[in-house]
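Undergrad: pasting the structure only:
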């Protein structure tokens, strides 16, 4: 099994996230990727783990998971049905981002990036 990125530091360390070394492909073209995250404070707005899968010249956003920001290490999994063309088993790249939505001066939510990780993965 391919190794995965090291987890965020234990204890009260900074926000961080990892990407697992593999993702899954289901018969219905659902792509799932996963990893771990830690965030410390969501008092200024909700925090999400977003992810993008790249394979060849194709890049697709794969879901978003609401994060629990309590300083503990949590797992995340994002999934989406991707057809026309579907992803294939083999090498791919995942970019995951831990982002917080905060109210801008106009009142519209603005993303603030807490952590990002890019990893080579194997789609199975």
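TA: Received, thanks. What you see is a predicted model; the values in this text were computed from it and never measured. Numbering: from 1, shown residues only.

Undergrad: For the rest of this, base every contact and every neighbour count on C-alpha atoms.
TA: Will do.

Undergrad: Average the pLDDT values over stretch 116-124 and round to the nearest integer.
TA: Mean pLDDT, computed over stretch 116-124, is 97.

Undergrad: Give me the residues contacting that stretch.
TA: Applying Cα atoms under 8 Å, 6 or more residues apart in numbering, the contact partners of stretch 116-124 are 2, 5, 16-25, 88-98.

Undergrad: Could you do stretch 35-46 as well?
TA: Stretch 35-46 has contacts (Cα under 8 Å, 6+ apart) with 7-8, 12, 14-20, 66-77, 98, 100-103.

Undergrad: list the buried ones in that stretch?
TA: For stretch 35-46, burial by neighbour count (16 or more other Cα atoms under 10 Å) applies to 35-39, 42, 45-46.

Undergrad: Let's have those in JSON lines, adding secondary structure and pLDDT.
TA: Converted to JSON lines, these look like this (DSSP: H, G, I helix; E, B strand; the rest coil; pLDDT from 0 to 100):
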{"residue": "35", "secondary structure": "strand", "pLDDT": "98"}
{"residue": "36", "secondary structure": "strand", "pLDDT": "97"}
{"residue": "37", "secondary structure": "strand", "pLDDT": "97"}
{"residue": "38", "secondary structure": "strand", "pLDDT": "96"}
{"residue": "39", "secondary structure": "coil", "pLDDT": "96"}
{"residue": "42", "secondary structure": "coil", "pLDDT": "92"}
{"residue": "45", "secondary structure": "coil", "pLDDT": "94"}
{"residue": "46", "secondary structure": "coil", "pLDDT": "95"}
